[in-house]
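> For reference, the sequence and a predicted model appear below.
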Amino acid sequence: MVQKPMNTKADNTIIAFLLAFQDLKTALGEQEKQNLKEVAKQLDTQPKAWEDYIKGLLLEIITPNPELNQSYQLYKSKLDNLEEIPDDLLPTEAEISRLNTFEKFTITRGFKPKYEATGYESQINNVVVIVGSSSQPEETVKQVKFLEKWKQFLSQSNQSN
């Protein structure tokens, strides 16, 4: 059996969340922001705990928020139907660095990811860490430019199916 590159369910959950979060028209509540900070912290320090712990934390932010959940479910189902994710949809180190720079101008606290973005998961995790640890995650996620490529790709791939 041939393994599909870079298309794990963990990735789909995180990407679907980022896409839905970018579309969100309302601000997160204080508790949701705190939970997102915890997700960011855990992804930064314990990325291997994704299945056991972090995914549940992320879903606790998504599920009770009707607007976020509806958008998340839509993106998640589109992502789950993909055979393969093209490499050019991944965030580049430059895009991640730009997010860090944007974040430095926006807040004075927070933390920078401890590891360099090398593989697919760590690149995506770095984005969540930066967005989640920002004081204004709704503004920071709008600066994530590679998500636009995802949205275009998903709308094209679903038209061809």
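Received the coordinates, thanks.
> Might one say that Ile14 is in contact with Asn126?
No. Under the criterion of Cβ atoms under 8 Å, Ile14 makes no contact with Asn126, lying 10.9 Å away. Backbone N, C-alpha and C define where each C-beta goes, glycine included.
> More neighbours: the two, which one.
Asn126 (28 against 23; other Cβ atoms under 10 Å).
> wait, that one sits on Ile96?
Yes. Here Asn126 reaches Ile96: they are 5.2 Å apart, a contact under Cβ under 8 Å.
> export stretch 46-59 as CSV, just CAs?
Output of stretch 46-59 as CSV, limited to C-alpha atoms (Å, rounded to 0.1, in the frame of the first residue of the first chain):
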residue,chain,number,x,y,z
GLN,A,46,4.6,18.8,23.5
PRO,A,47,3.7,18.3,19.8
LYS,A,48,3.7,14.5,20.2
ALA,A,49,0.7,14.9,22.6
TRP,A,50,-1.5,15.8,19.7
GLU,A,51,-3.8,12.8,19.7
ASP,A,52,-3.8,12.3,23.5
TYR,A,53,-4.5,15.8,24.6
ILE,A,54,-4.0,18.8,22.3
LYS,A,55,-6.6,17.8,19.6
GLY,A,56,-9.3,17.6,22.4
LEU,A,57,-8.3,21.1,23.6
LEU,A,58,-8.6,22.5,20.1
LEU,A,59,-12.0,20.8,19.6
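> now that stretch: how far from the chain's centre is it?
13 Å (Cα atoms, centre = their mean, to the nearest Å).
> Contacts for it next, please.
Ala10, Thr13, Ile14, Phe17, Asn35, Glu38, Val39, Gln42, Leu43, Glu121, Ser122, Asn125 (Cβ atoms under 8 Å, 6 or more residues apart in numbering).
> 10 Å instead, please
8-11, 13-14, 16-17, 35-36, 38-43, 69, 72, 115, 121-122, 125-126, 128-129, 132 (Cβ atoms under 10 Å, 6 or more residues apart in numbering).
> Going through these, which ones are buried?
Buried members of the contacts of stretch 46-59, scored by 16 or more other Cβ atoms under 10 Å, are 10-11, 13-14, 16-17, 35-36, 38-43, 69, 72, 121-122, 125-126, 128-129, 132.
> Alright, calling it a day.
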